[in-house]
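1. Model the following, please.
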Amino acid sequence: MAEIKAVLVGDIVYSNSKGAYSLNEKKLFGEKKQDKIQYNLFEALYLVSKNKIKILHNKKTLSFEEALSKFQRKNKNFYQKYLVFENLREKGYVVKDALKFGAEFRVYEKSKTKHAKWIVFVQKESDKINWTEFSSKNRVAHSTKKNLLLAVVGMEGTIVYYEVNWIKP
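-> Next up is the predicted model:
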């Protein structure tokens, strides 16, 4: 498959190439919006790292490092969140944003996209979380019928996942 040319406008990366539609159908990257495939910034950076797309911004192709730098200015803790996105995609999961839930990501089991299994919140290892915040995250997951997945990113980029789900005794 030929490298896809995509354009960055604001916080949106999009492409209307055949390759973008093919990648969307085969690997579930991006969302069909009007006559384009729209990528979130995590998907776009991941695809740049895999040499699947080139992102054009102001008629210039962005390198991985340039795109990362630009995206980090738009999103707090972008790199830690990207590491989690990358790790989950490398494991074969389908990862989509979860902004409408107040979380970082929705995660679908491999090739099952009808209902996300997890809602993911990303924390740095050095961050503290209190019980009120934890309970709030857990309630969001429960109310959306998903399991809570806390992704804790260490100083060296290691990731530890904690899955929380509700049980009825």
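2. outside of the helix or strand bottoming out on mean pLDDT in the chain, which residues touch it?
-> Lowest by mean pLDDT, DSSP states H and E among the helices and strands of the chain is helix 131-143, with a mean of 88. Outside helix 131-143, the residues that touch it by Cβ atoms under 8 Å, 6 or more residues apart in numbering are 101-103, 118-119, 121, 147-148, 150, 164-166. From N, CA and C alone the C-beta is placed, and that goes for glycine too.
3. Over to stretch 21-41?
-> Here stretch 21-41 makes contact (Cβ under 8 Å, 6+ apart) with 1, 4, 6, 11-16, 20, 43, 47, 52-53, 71, 74-75, 78, 94, 96-97, 111, 113.
4. could you dump that stretch to CSV, C-alpha only?
-> Provided in CSV are the C-alpha atoms of stretch 21-41 (Å, rounded to 0.1, in the frame of the first residue of the first chain):
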residue,chain,number,x,y,z
TYR,A,21,-10.3,4.4,3.0
SER,A,22,-8.6,1.0,2.6
LEU,A,23,-6.7,1.4,6.0
ASN,A,24,-10.0,2.4,7.6
GLU,A,25,-11.8,-0.7,6.3
LYS,A,26,-9.0,-3.2,7.0
LYS,A,27,-7.4,-1.9,10.3
LEU,A,28,-10.1,0.5,11.6
PHE,A,29,-7.9,3.6,11.6
GLY,A,30,-9.8,6.9,11.4
GLU,A,31,-13.5,7.7,11.1
LYS,A,32,-15.4,8.4,8.0
LYS,A,33,-16.6,12.0,8.1
GLN,A,34,-18.3,13.4,5.0
ASP,A,35,-15.9,12.6,2.1
LYS,A,36,-12.8,12.1,4.2
ILE,A,37,-11.1,9.8,6.7
GLN,A,38,-10.4,11.8,9.8
TYR,A,39,-7.7,10.6,12.3
ASN,A,40,-7.3,11.7,15.9
LEU,A,41,-3.8,12.9,16.7
